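Q: dropping the sequence and predicted coords here.
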Amino acid sequence: EAGVTQFPSHSVIEKGQTVTLRCDPISGHDNLYWYRRVMGKEIKFLLHFVKESKQDESGMPNNRFLAERTGGTYSTLKVQPAELEDSGVYFCASSQSPLQPQHFGDGTRLSIL
Amino acid sequence: AQSVTQLDSQVPVFEEAPVELRCNYSSSVSVYLFWYVQYPNQGLQLLLKYLSGSTLVESINGFEAEFNKSQTSFHLRKPSVHISDTAEYFCAVSEVGSQGNLIFGKGTKLSVKP
């Protein structure tokens, strides 16, 4: 079984540019979560999809962040325009149901210069 | 609101020594508890979880954690560590009845020295 795949593994962009992160969950996992870890801080929840619907986006920092999951398969997280404080590692996780353990991807390390 | 505290940011130990990584949580409702591990250059992997039942849970590689409701703790222990246990360990909770959103502690870096 393929695990959760995230792309790219690293991204370095300048302030003001746009970046799109992608997450491919484990096949059949309806629940998809995005988290972020800013350097030196804890991993924080951003949002949760059930299939293509946003179930909870209470953790999204501001309207520069847009997440989508068209068709209920892979998800994208776009940051536009990127700011310095957006630097960090963005993790995606998926599970069959909210009660099942979440499987995490390797993360995307985003650096804003 | 829930919160998770991992007081030790770094724990250095010698190989074959015992180790305890501490985790305390704060919540007004019942929670599920998890330990995740992140090996160098890898993603997070579930180490063990407590959902219900026996308060002592074990992993396949010798770690164990005990849920203590009165002390709101879920400390992780291993009686004898290996070099390969060097990693960052994260304690996390999710609220019972929620959609599974995890609340993490800041992580503890375990460094096992020969």
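A: Good, I have the coordinates. Numbers count the residues shown, from 1 in each chain, chains lettered A, B, ... in the order given.
Q: check the spacing between A:Gly16 and chain B real quick.
A: A:Gly16 sits 29 Å away from chain B when distances are taken as C-beta to the nearest C-beta, to the nearest Å. In this view, the C-beta of every residue, glycine as well, is placed from N, C-alpha and C.
Q: does stretch A:66-80 reach chain B?
A: No. Stretch A:66-80 stays out of contact with chain B when judged by C-beta under 8 Å from any C-beta of the partner chain, the minimum separation being 14.2 Å.
Q: up against chain B, what does chain A have?
A: Proximity of chain A to chain B, by C-beta under 8 Å from any C-beta, involves residues A:3-4, A:31, A:33, A:35, A:41-45, A:48, A:50, A:55-56, A:59, A:91, A:93, A:95, A:97-107.
Q: from B:Thr72, how far out is the closest residue to B:Gln2 other than its chain neighbours?
A: Setting aside the residues directly before and after it, B:Gln2 is nearest to B:Ser27 in space (C-beta to C-beta, 6 or more residues apart in numbering or on different chains), at 4.3 Å. The spacing between B:Ser27 and B:Thr72, counted by C-beta to C-beta, to the nearest Å, is 8 Å.
Q: how about the residue positioned nearest the centre of chain B, phi and psi?
A: When chain B is reduced to its mean C-alpha position, the closest residue under C-alpha atoms, centre = their mean turns out to be B:Trp35, at 3.5 Å. For B:Trp35, the backbone dihedrals (degrees, to the nearest 10) come out as phi -120, psi 130.
Q: so where's the chain uncertain?
A: Since no chain was named, I'll use chain A. In the predicted model, chain A carries pLDDT under 70 at residues A:1.
Q: can you look at chain B instead?
A: Chain B contains residues with pLDDT under 70 at B:1.
Q: element containing the residue in it that chain A sits nearest to, please.
A: For chain B, the residue positioned closest to chain A under C-beta to the nearest C-beta is B:Gly100, at a distance of 3.5 Å. Here B:Gly100 sits in a region with no helix or strand, counting by DSSP states H and E.
Q: residue of chain A closest to chain B, please.
A: As assessed by C-beta to the nearest C-beta, chain B sits closest to A:Pro98 within chain A, at 3.5 Å.
Q: hmm, back to that, ok, and the closest non-adjacent residue to the residue of chain B closest to chain A?
A: Of all residues beyond its chain neighbours, the one nearest B:Gly100 is A:Pro98 (3.5 Å), with distances taken as C-beta to C-beta, 6+ apart.
Q: what about that neighbour, neighbour count?
A: A:Pro98 has 19 neighbours, counted by other C-beta atoms under 10 Å in any protein chain shown.
Q: and it, what are its phi and psi?
A: Its backbone dihedrals place A:Pro98 at phi -60, psi -20, with angles given as degrees, to the nearest 10.
Q: ok, now the one 4 residues further on?
A: Torsion angles at A:Gln102 (phi, psi; degrees, to the nearest 10) stand at phi -90, psi 140.
Q: can you check A:Leu84 too?
A: Backbone torsions of A:Leu84, given as degrees, to the nearest 10, read phi -60, psi -40.
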